[in-house]
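1. Turn this into a model:
(one chain, ligands or ions: 1)
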Amino acid sequence: MRVTGGVQTAAAARAAEGTPLRSSLDTGSAEYRANREAQLALLRQHDEQLDLARAGGGPRYAERHRARGRLLARERIELLLDRDAHFLELSPLAAWGTEFTVGASLVTGIGVVSRVECILIAHDPTVRGGAANPYSLRKSLRALEIARRNRLPVINLVESGGADLPTQSEIFVPGGKIFHDLTELSGLGIPTIALVFGNSTAGGAYVPGMCDYTVFVDRQAKVFLGGPPLVKMATGEDADDEELGGARMHAQVSGLADYFATDERDAIRLGRRIVSELNWRKLGPPPSLPADEPAHDPEELLGIAPADVRVPFDPREVLARVLDGSRFGEYKESYGTSLVTGWASVHGYPVGVLANARGVLFSEESKKAAEFILLANQTDTPLLFLQNTTGYMVGTSYEQGGIVKDGAKMINAVTGSTVPHITLNMAASFGAGNYGMCGRAYDPRLLFAWPGSKLAVMGATQLAGVMSIVGRAGVGPALRRGRRRAAAAGDRDPDRAGVARLLRDRAAVRRRADRSPRHPHRARHRAVRRALRPGRGTPRLRRVPDVTA
Ligand code: COA
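-> Numbering: from 1, shown residues only. Okay, here's the model as predicted:
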C-alpha cells in the first residue's frame, strides 16, 4: 500500500465519521436459537476435522518421534512464537476428503516471533516422514504467496522425506516453485530462514540451500542431494550420513549451515535471535483510529446466518459485531440495495466494506461496487469483501439492460484495484458473483470461510434444474429418480435432495474405484512403499541411470 499522508488522513477521518450501527437481532427468538444451534453443530464438525489435522500421523508415529527425543511440529511452533502470541493457522484442513491425511503433512500460519509477524511453514514428520504430497505443495505455495503479498519473513521448520514418492509425478515439476519462491522472496527483501530439525534430502535440500539464514540441529539435520545408498549406487563411494550432510559437517566444512544448534531448543532460540536481528519494519501506515470494541457482542455472530444458505440476512448485523465501535458510514445506501458498501475501521485500520445483502447482484449493484472500489483506491483504503451471493441476475430484460457489461465493470474494478483485499465467505459464493466479490482467483491477501459456507458455480436447486434440462449421459434420469425418491420420503426440497443424492452416488463410485486394488495409483503406491521398507534395499533405484538432484 502506498503511504501518502493526505489520503490516509482523509480515509481515517471518513471512517471515524461512521454512525454506530443499530441491531434488530432478537436474541430471544426461535430463529436466532435455531441459527445458533446450526452454526454450533457446524463448528463441532469443523473441530473434529481440526483434531484430525492436529493428530498428524496418529499416536504410533507421534510416540516413535518423541522416543527419538524430538519435538512435534506444533510444539516447535509453540516454542518459536512469542509467549501468548496468536498463531493464525492457514489452510488447516488442506487435503480434507482425499486419501491424504487432513492437514497435508504440514502446518502453516502467521505467528509473532521476536515481535515480528512471520509466516511459519513446519513439516509434520509423523505423516509419511513429512513427505510432501500434491496438497502439501499447494499449501506451501499458498503460504509463500501470503508471505510475498503481505511482506512477512518466512521461517521453515524442516524435517521431511522430500516428495511423496507415489505421487511424485504430480509434484516434481510444480514443486520447483517452492525453491523459486524462496529465492524471489529473498530478492524482494523478505528474509527467509530454515531451521533444520531432521531430514531434508534431494530436492528438499534446496530449502536450506535457498534460505537467507540456516540453523542445523546437531545429529538430527541431514541435508544432502543423495543419501548413502544413492551415493554408493552412483559412484561406489561408502559414505555415512554425518559426513554427507550432518549439521557439524555443514557448519565446519560445506558452509551451508550459518548456525550450529546443539539441540532443537537451541535451534529455536537461534531462530528467534535471527528474527530479532532483522531490524524488521512493517510497511504501510500504522492503525490511525481508535480500535474500540464493537458495540454489539461478537458472540451473537453465531445466530445471524441461517443454516440454509438460500435464506438471506442483513450483513449490517455482522458488521455491527466486527467493526470498531460498530461505526459504519454507508455509501449509496438507497441505490443498488442488494450490496451494502461503506467506510469503517477494524483494529484501528480504515477499511472499505462491500457486503452482499440479498444474494443477487443487479446492474445497479455492479456499478455501485465499481465506483466504490475506485474511491477506496483513490484514498489507499483496504477493502473487506463479505460474500453471500448467488451471482449476477439472469433473464431477458437484464441481459438487454447490459448485466454482462455492468458485471464486467465490477470484476474489472476488483482486478485493477491495488489496495489490500480481504475476503470472507459468510454463506454463499456462487457464479460470477464469486469473481466480483473478490474470490480466490482475484487474489485477496487472505480469504476466510465460515463453516457451512458454500462455493460453487450455482446453488444446488439451480444445479438440479439446469442438469435435468440439459441432462445428458444419464444424468437427467438419475436426477429424476433421486427427486422422486426424495419426494416420496417427504423431503421438503426434492430438487436439492435429488442433486445431493446424485453427487453422493457419483462420489461413492469414485471412492470405490480409488479403493480398488486394481486402481493404477494404488498399485504404484504399494510398489514404492515396498521399496522404502527398511532392509528391502531399493531395487528399482538401481536401474535409474541419473542420480544427480
Ligand atoms: N514418500 C512417501 N512415503 C514416504 C516417504 C516418501 N518420500 N518417506 C517416508 N515415507 C513413508 C514410509 O514408507 C513409511 O510408511 P509406513 O509407516 O506406512 O510404512 C512412513 O513414511 C514413515 O517412514 P519411516 O522410514 O518409517 O520413517 P523414519 O522417520 O524412520 O524416516 C525418512 C523418515 C524420511 C528419513 C525415510 O523414510 C526416508 O529416507 N524416506 C525416503 C526419502 C527419499 O528418498 N525421498 C526422495 C525425495 S525426492
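2. Relative to the ligand, how far out is the residue with the largest distance to the centre of the chain?
-> What lies farthest from the middle of the chain is residue 236; by Cα atoms, centre = their mean that is 44.9 Å. Separation of residue 236 from the ligand (Cβ to the nearest ligand atom, to the nearest Å): 19 Å. The way it works is simple: take the backbone N, C-alpha and C, and place the C-beta from them, glycine included.
3. Pop out the phi and psi values for that residue.
-> phi 80, psi 0 (degrees, to the nearest 10).
4. Grab the nearest non-local neighbour of the residue most central in space within the chain.
-> Centroid-nearest residue in the chain, with Cα atoms, centre = their mean: residue 91, separated by 3.5 Å. Sequence neighbours aside, residue 139 is the residue nearest to residue 91 in space, at 4.8 Å (criterion: Cβ to Cβ, 6 or more residues apart in numbering).
5. Which residues of this structure lie near the ligand?
-> When proximity is defined by Cβ under 6 Å from any ligand atom, the chain lies next to the ligand at 128-129, 131, 161-165, 199, 201-203, 529, 532.
6. Could I get those residues in JSON lines, plus columns for secondary structure and pLDDT?
-> Output for these, formatted as JSON lines (DSSP: H, G, I helix; E, B strand; the rest coil; pLDDT from 0 to 100):
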{"residue": "128", "secondary structure": "helix", "pLDDT": "95"}
{"residue": "129", "secondary structure": "helix", "pLDDT": "95"}
{"residue": "131", "secondary structure": "coil", "pLDDT": "95"}
{"residue": "161", "secondary structure": "coil", "pLDDT": "91"}
{"residue": "162", "secondary structure": "coil", "pLDDT": "91"}
{"residue": "163", "secondary structure": "strand", "pLDDT": "92"}
{"residue": "164", "secondary structure": "coil", "pLDDT": "93"}
{"residue": "165", "secondary structure": "helix", "pLDDT": "91"}
{"residue": "199", "secondary structure": "strand", "pLDDT": "94"}
{"residue": "201", "secondary structure": "coil", "pLDDT": "88"}
{"residue": "202", "secondary structure": "helix", "pLDDT": "84"}
{"residue": "203", "secondary structure": "helix", "pLDDT": "82"}
{"residue": "529", "secondary structure": "helix", "pLDDT": "59"}
{"residue": "532", "secondary structure": "helix", "pLDDT": "55"}
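7. Most proximal residue of the stretch 251-400 of the chain with respect to the ligand?
-> residue 264 (15.2 Å; Cβ to the nearest ligand atom).
8. Just give the number of residues close to that residue.
-> Residues near residue 264, counting by other Cβ atoms under 10 Å, number 22.
9. hang on, it packs against residue 71?
-> Yes: under the criterion of Cβ atoms under 8 Å, residue 264 makes contact with residue 71 at 5.3 Å.
10. joint contacts of the two?
-> residue 197 (Cβ atoms under 8 Å, 6 or more residues apart in numbering).
11. what about dumping the CA coordinates of stretch 413-422 to PDB?
-> The C-alpha coordinates for stretch 413-422 follow below in PDB (Å, rounded to 0.1, in the frame of the first residue of the first chain):
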ATOM      1  CA  ALA A 413     -12.600  -2.800 -10.800                       C
ATOM      2  CA  VAL A 414     -11.700  -5.700  -8.400                       C
ATOM      3  CA  THR A 415      -8.900  -6.900 -10.800                       C
ATOM      4  CA  GLY A 416      -7.400  -3.400 -11.200                       C
ATOM      5  CA  SER A 417      -7.600  -2.500  -7.500                       C
ATOM      6  CA  THR A 418      -4.200  -2.200  -5.900                       C
ATOM      7  CA  VAL A 419      -5.200  -1.800  -2.200                       C
ATOM      8  CA  PRO A 420      -5.200  -4.900   0.100                       C
ATOM      9  CA  HIS A 421      -8.300  -7.100  -0.200                       C
ATOM     10  CA  ILE A 422      -9.500  -9.500   2.500                       C
END
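12. Can you pull out the residues in contact with it?
-> Outside stretch 413-422, the residues that reach it (Cβ under 8 Å, 6+ apart) are 1, 150, 369-370, 373-374, 376-377, 380-385, 435-438, 442-448.
13. Which positions within the top helix by length along the chain qualify as buried?
-> Using DSSP state H, we find that the single longest helix of the chain is helix 30-55. Using 16 or more other Cβ atoms under 10 Å as the burial criterion, the residues of helix 30-55 that qualify are 32, 35, 36, 38, 39, 42, 49, 50, 52, 53, 54, 55.
14. ok, residue 171 - contacts?
-> 132, 133, 134, 137, 163, 164.
15. Swap in 10 Å and give it another go.
-> Going by Cβ atoms under 10 Å, 6 or more residues apart in numbering, residue 171 touches 131-138, 162-164, 178, 203.
16. for residue 348, same thing?
-> Residue 348 touches 12, 15, 286, 287, 288, 289, 290, 291, 292, 324, counting by Cβ under 10 Å, 6+ apart.
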